[in-house]
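Student: coords please:
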Amino acid sequence: MTDHVHHPGCGCAGAPAAVNPVAVELVRGNAVESRHRARACVVAADGRVLHAWGDVDEPVFPRSAIKAVQAIPLVETGAFDAFGLGDRELALACSSHAAEPVHTDVAKAWIARIGRTVDAYECGTHLPTDEPTAHDLLRRGEAPSAFHNNCSGKHAGMITTAVHLGEDPRGYVRRDHPVQRRVEAVLADLSGLDTAALPVGIDGCSVPNWAMPLRVFAATMARFADPAGLPPARAAAMRRIAAAWAAHPRLISGTGRFDTRLMDLLPGEVLAKGGAEGVHLAILPRRGIAVAVKADDGNGRAAHVAAAAILRWLGVGGDAWAGEEGRALSAPAEINRAGIVTGGVRSAPGFPD
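Tutor: Got it, this is the predicted structure:
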């Protein structure tokens, strides 16, 4: 996708050793209790690596941070418009939601609109990740359904595409199903990679997830900020997805969760999306770039704080970080069950300089 850029771990003669930097620290009292190493990069839509920390060529599974790419066929096939769907559904297709009523109500109405039921889902079930909603469900003696799965919006989009094209949705999570073949083709086109040669695994919601170099993942996602040079239909689809993503921060994640709070703090400046196992993505639409982070130990708090540190370092948000919410996102306090502040999480000295 772009000329190779030397960086730690690239394997070239004379390149520095592959040691990912300590990016985040947990402090208890006045002592560092835990340290998290991470790799990270800032990449332009044309693939240029503008900044890199650690080994950004090592493949990572982007997990849920790739959902906007998985939503492209929903728009490109005409399924989105054929069923009269709107920005709320499109945002939910990109989400890892907390299963608050604001999320599940959209999912339920969406599935009904396409003439299907919750039985069409193949993502499995779990309790809502929003704790009050989970408690309400348990108090009512109700079991969670696939609507409560944090990936139910993505799966609704995949089912919708199959229904629109007259395909049997059953087995839509399998790599050989037309739904996943379309997703794989889009990923290959945007990344410039041969997906047949990439490591592939099964995500938590049962669909395929391809591992790719962190820098390529960042470049792929940066194209949502700058789709110049793409076929007009593809560029238009990506702009629609990015607009829905920006318009509905709460649908993307949920009340009190990092991605929603970050986009509320920096409206129009950041499209945020986390993924399991310490992956975080921040697209900067006004700059045509993306920031991608992978915490070595898979810790989400480390990925969040590292991403916030890079955004501050890039000058995104300006004085917003000095306010109470900005401080809470970039250096969150650790509070015990009794409500006592025991320490906090912060970017490590020297990161991301």
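Student: Just the residues contacting stretch 107-118, thanks.
Tutor: 83-85, 89, 92, 120, 145-147, 152-153, 156, 159-160, 163, 169 (CB atoms under 8 Å, 6 or more residues apart in numbering). The way it works is simple: take the backbone N, C-alpha and C, and place the C-beta from them, glycine included.
Student: Write the ChimeraX selection for whichever of the residues you listed are buried.
Tutor: Buried subset of those, written as a ChimeraX selection, criterion 16 or more other CB atoms under 10 Å:
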select :83,85,89,92,120,145,146,147,152,153,156,159,160,163,169
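Student: Just flag the most distant two among the contacts of stretch 107-118.
Tutor: G84 and S145 (24.2 Å; CB to CB).
Student: Just want the most central residue of the protein.
Tutor: A65 (2.2 Å; CA atoms, centre = their mean).
Student: Apart from its chain neighbours, what residue comes closest to it?
Tutor: Nearest non-adjacent residue to A65, counting by CB to CB, 6 or more residues apart in numbering: G275, 3.6 Å away.
Student: Can you give me the pLDDT of that neighbour?
Tutor: Note for G275: predicted pLDDT of 98.
Student: Let me know the average pLDDT across the longest strand seen in the chain.
Tutor: Secondary structure of the chain read by DSSP state E shows that its longest strand is strand 31-44. The average pLDDT for strand 31-44 rounds to 98.
Student: I'd like to know which elements that strand is packed against.
Tutor: strand 22-28, strand 49-53, helix 214-222, strand 289-295, helix 300-313 (3 or more CB pairs under 8 Å, 6 or more residues apart in numbering; DSSP states H and E).
Student: Which positions within that strand qualify as buried?
Tutor: Applying a neighbour-count criterion of 16+ other CB under 10 Å, one finds 36-44 buried in strand 31-44.
Student: Make sure the residue nearest to the centre of the chain is indeed in a helix.
Tutor: Yes. Counting by DSSP: H, G, I helix; E, B strand; the rest coil, A65 is located in a helix.
Student: so who does it touch?
Tutor: 217, 221, 273-275, 279-281, 292.
Student: before we move on, what about A333?
Tutor: 341, 343-344.
Student: Of these, just the buried ones, ChimeraX syntax please.
Tutor: Listed next is the ChimeraX selection for buried residues among those, using 16+ other CB under 10 Å:
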select :343,344
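Student: picking up where we left off before, could you point out which of the contacts of stretch 107-118 is nearest to L265?
Tutor: The closest of those, once distances to L265 are taken by CB to CB, is L92, at 21.5 Å.
Student: Hmm, that closest one is touching H103, no?
Tutor: Yes. Under the criterion of CB atoms under 8 Å, L92 makes contact with H103 at 6.6 Å.
Student: residues shared between the contacts of the two?
Tutor: 152-153, 251.
Student: Sitting in helices, which of the residues you listed do you find?
Tutor: If you go by DSSP state H, the shared contacts of L92 and H103 have 152-153, 251 in helices.
Student: Including pLDDT and distance to A233, could those residues go into a markdown table?
Tutor: As requested, these are exported to a markdown table (pLDDT from 0 to 100; distance: CB to CB, whole Å):
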| residue | pLDDT | distance to A233 |
| --- | --- | --- |
| S152 | 98 | 27 |
| G153 | 98 | 22 |
| L251 | 98 | 25 |
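Student: now the residues you listed in TSV, with distance to E269?
Tutor: Compiled in TSV, these are given as follows (distance: CB to CB, whole Å):
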residue	distance to E269
S152	28
G153	24
L251	18
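Student: Closest to A188 out of these?
Tutor: G153 (23.5 Å).
Student: re the thing from before, as a markdown table, the buried residues of strand 31-44 with distance to G141 would be great.
Tutor: Output for those, formatted as a markdown table (distance: CB to CB, whole Å):
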| residue | distance to G141 |
| --- | --- |
| H36 | 40 |
| R37 | 45 |
| A38 | 43 |
| R39 | 46 |
| A40 | 45 |
| C41 | 48 |
| V42 | 49 |
| V43 | 49 |
| A44 | 52 |
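Student: longest helix anywhere in this protein?
Tutor: The chain, longest helix under DSSP H: helix 232-247.
Student: Mind giving me the packing neighbours of that one?
Tutor: Using 3+ CB pairs under 8 Å, 6+ apart, the elements in contact with helix 232-247 are helix 67-70, helix 72-76, helix 87-93, strand 271-275.
Student: Could you export the ones you listed as TSV, including distance to R174?
Tutor: Converted to TSV, these look like this (distance: least, CB to CB, whole Å):
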stretch	distance to R174
helix 67-70	14
helix 72-76	15
helix 87-93	19
strand 271-275	21
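Student: which one of the ones you listed lies closest to A306?
Tutor: strand 271-275 (11.7 Å).
Student: Please state the offset of the closest one from the chain centre?
Tutor: In terms of CA atoms, centre = their mean, to the nearest Å, the gap separating the centre of strand 271-275 from the centre of its chain is 3 Å.
Student: could you point out which element follows it?
Tutor: strand 279-284 (DSSP states H and E).
Student: Need the residues that contact that following strand.
Tutor: 60-65, 217-218, 221-222, 224-225, 242, 262, 269-275, 289-295, 300, 303-304, 306-307, 310-311, 314, 316.
Student: what pLDDT, on average, does it get?
Tutor: Strand 279-284 comes out at a mean pLDDT of 98.
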